[in-house]
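[1] task: produce atomic coordinates for the following.
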Amino acid sequence: AAAPQGRGRRSWAAPGWFAPPPALLRGSATPAGIRLRVMPGAEYGQFREAARMAFMRERYRVAPASDRMGVRLDGPPLPMEDSEELLSHGVIAGTIQVPRGGAPIVLGADCQTTGGYPKLAHVITADLPLLAQCKPGDYITFEEVTLAEAQHRDREQERGMRQLAAVLAICQKPSWKLL
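    Below is the predicted model:
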């Protein structure tokens with residue numbers, strides 16, 4: 001809204017652009033916990049049906065042993081149908097691996113490049129910043145999304161970041177002054 005025009009007064013108007021809300025950039029965080037959107041991993045179908053349902057339905061707590069390499073989760077164990085050994089394979093940040101004990105580990109920004117645990121799911125790229133903010137004691141839930149939804153969220157996040165970069169570039173110009 002603009003202030004009245006008059007002698008010695010400046011006109012103020014709301015900008016036509018605003019920073020995207022945190023949920024657009026980071027997924028969803030509420031007092032009840034953090035919701036991370038995921039897509040099924042390569043070995044998703046090898047987990048028992050009850051384990052797959054529990055993974056999407058239950059709440060997990062971030063364990064104290066978590067760090068930038070991996071967010072370890074305490075919660076219902078997620079057993080596989082057959083626990084055969086896997087060869088090491090490539091992994092990336094956001095990969096959710098499940099070791100023999102059944103406690104999932106969400107790989108973080110400093111994760112290794114290969115791993116041998118089954119890959120249950122992958123956190124979508126748009127939610128990785130929220131994963132990076134998880135700390136011991138936080139609660140996490142997971143929501144399965146489609147590839148199309150994950151791509152849409154990624155494009156939406158990129159668009160918001162480009163807008164933010166444009167506004168910051170304007171603010172860096174010498175002619176920009178806050179009145």
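
[2] helices or strands up against the lengthiest helix in the chain?
    As assigned by DSSP state H, the longest helix anywhere in the chain is helix 147-172. For helix 147-172, the packing partners by 3 or more CB pairs under 8 Å, 6 or more residues apart in numbering; DSSP states H and E come out as helix 22-26, strand 33-40. Every C-beta, even on glycine, is put in place using the N, C-alpha and C of the backbone.

[3] weakest of the ones you listed in terms of mean pLDDT?
    Lowest mean pLDDT within the helices and strands packed on helix 147-172: helix 22-26, a mean of 46.

[4] can you tell me the SS state at the residue nearest to the spatial centre of the chain?
    Nearest residue to the geometric centre of the chain (CA atoms, centre = their mean): Asp127, 2.0 Å. Under the three-state scheme (DSSP: H, G, I helix; E, B strand; the rest coil), Asp127 adopts helix.

[5] tell me the pLDDT of it.
    On pLDDT, Asp127 comes in at 94.

[6] wait, it sits on Ala93?
    No: the criterion here is CB atoms under 8 Å, and Asp127 misses it with Ala93 at 10.9 Å.

[7] quick one: Arg35 and Asp138 touch, right?
    No: using CB under 8 Å, Arg35 is not in contact with Asp138, being 11.5 Å away.

[8] for those two, indicate the residue with more neighbours.
    The residue with more neighbours, out of Arg35 and Asp138, is Arg35; 19 against 15, by other CB atoms under 10 Å.

[9] circling back to that earlier point, what comes up buried for the longest helix of the chain?
    Ala150, Arg153, Gln157, Gly160 (16 or more other CB atoms under 10 Å).

[10] of those residues, closest to His122?
    Ala150 (8.9 Å; CB to CB).

[11] for that closest one, give me its contacts.
    With contact set as CB atoms under 8 Å, 6 or more residues apart in numbering, Ala150 has these partners: Arg37, Met39, Ile124, Thr125, Ala126.

[12] thanks a lot, catch you later.
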